[in-house]
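# With the sequence up front, the predicted model follows.
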Amino acid sequence: MPGRVSLGGPVKNESLFYIHSLGEEIEGSTPIVEGVWYGGDFTRIRERIEEGTLPENAIRFFVGYSGWSIGQLQEEITSKSWFVVNVPSKLIMNSKENNVWKEVMERLGPKGKLLSNFPEDPNLN
């Protein structure tokens, strides 16, 4: 199957969500950023997969999602609990590589580059 399934939880871990680069071809899709859409007609996605006509890195699947109460995410961003980085859609849709996080962190400059080299399990540091 094209794309990769990632854990998006902890909410609704029994549900499958997806983003894609197929745009308006997938009826009901919602644009997120230039070149990336959320959801839409899954029947058409499934047809493209079965036909073998889905381009590489055209879709990313997620099991579950994260959610916040009104204003919570903005508060967490303000308190620097999250890093906000503009990245090209090609990097967002890169479903084959495991180094996307490292590439994104390096875009933050020297501090981000330092963090990008931390081990996945901090206990291994």
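Everything's here; your move.

# residues near I49, how many?
15 (other C-beta atoms under 10 Å). C-beta coordinates here come from the backbone N, C-alpha and C atoms, glycine included.

# next one: F83
13.

# In what element of secondary structure is it found?
F83 belongs to no helix or strand when assigned by DSSP states H and E.

# and it, what does it touch?
F83 is in contact with V104, M105, L108, G112, counting by C-beta atoms under 8 Å, 6 or more residues apart in numbering.

# N86 is in contact with the first one, correct?
No: contact between V104 and N86 fails when scored by C-beta atoms under 8 Å: they sit 9.8 Å apart.

# Compare the two (neighbour count), which wins?
The neighbour comparison of V104 against N86 (other C-beta under 10 Å) goes to V104, with 17 against 7.

# For that one, give me its contacts.
V104 is in contact with F83, V85, V87, L91, counting by C-beta under 8 Å, 6+ apart.

# What is the subsequent helix or strand relative to the helix or strand in which it is found?
Taking DSSP H and E as the criterion, V104 maps to helix 100-106. Downstream of helix 100-106, the first helix or strand assigned by DSSP H and E is helix 110-116.

# Show me which positions of that following helix end up buried.
Across helix 110-116, burial judged by 16 or more other C-beta atoms under 10 Å covers S116.

# my read is G64 is in a strand, agree?
Yes: under DSSP: H, G, I helix; E, B strand; the rest coil, G64 falls within a strand.
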